[in-house]
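Colleague: A predicted structure for the sequence below; I have some questions about it.
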Amino acid sequence: MNKIGPLVAVAAVLLLAGCSAPAAQTSATHSTHHAAASSKAETEPDPSPSTPEPAPVPVESALVQQIKAQFPGYPLVVDVSSIDYRPQNGFNASGTAKVVALVPGLYMAYNPAVTDLDFYVDNATVSGDCTMMKAIFSHSGGECWDGVQPGSEEPH
């Protein structure tokens, strides 16, 4: 705890008690009530934290955890030109230059305004390998082909 927190607490107690002297200038001339309030405030912990609580760490979904454990390095952003020509054709037709490789051979269009790659895993509409789609993203829609392999920018 920093040194300002206790001083602020003492000053607040003194002001509430009707004493206008700063906490650092508490002397014998103040009433016993003020001295008791001052020493009580100095020994009790400050009820309001002096530092803000850290923001909660986002919890990864079970699917994100599974993918990261089973396929280290995924998800990642890759160039459309680096993936199999079949899903590449669909992304090129829509003007997509980058995709998120969710797992080996499965992709989703990348939006630079949404940089949290876990979002893509949890909200996937995939294009790529049918077997991987059925195994990992059976809940997802999208297009698939047999035998789509990881692209050249993906972990091998």
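Modeller: Perfect, I can see it now.
Colleague: the closest residue to Lys98 other than its chain neighbours: neighbour count?
Modeller: Leaving out its chain neighbours, the residue that sits closest to Lys98 by Cβ to Cβ, 6 or more residues apart in numbering is Tyr110, at 4.1 Å. To be clear about C-beta, it is placed using only N, CA and C from the backbone, and glycine gets the same treatment. Using other Cβ atoms under 10 Å, Tyr110 has 23 neighbouring residues.
Colleague: which SS class is Lys68?
Modeller: Assigned with DSSP: H, G, I helix; E, B strand; the rest coil, Lys68 falls in the helix class.
Colleague: so it sits against Leu76, correct?
Modeller: No - look at Lys68 against Leu76 with Cβ atoms under 8 Å: they stay out of range, at 11.0 Å.
Colleague: next helix or strand past the longest strand seen in the chain?
Modeller: Longest strand of the chain, by residue count under DSSP state E: strand 98-103. Counting by DSSP states H and E, the next helix or strand C-terminal to strand 98-103 is strand 106-109.
Colleague: mind listing residues that contact whatever helix or strand comes next after that next one?
Modeller: As assigned by DSSP H and E, the chain's next helix or strand after strand 106-109 is helix 117-122. Applying Cβ atoms under 8 Å, 6 or more residues apart in numbering, the contact partners of helix 117-122 are 58, 60-61, 63-64, 67, 75-77, 100, 102, 108, 110, 114.
Colleague: quick revisit: helices and strands around the longest strand of the chain, which ones?
Modeller: helix 62-70, strand 76-79, strand 106-109, helix 117-122, helix 130-136 (3 or more Cβ pairs under 8 Å, 6 or more residues apart in numbering; DSSP states H and E).
Colleague: just checking, the residue nearest to Lys98 touches Ala101?
Modeller: No - between Tyr110 and Ala101 there is no contact under Cβ under 8 Å: 9.5 Å.
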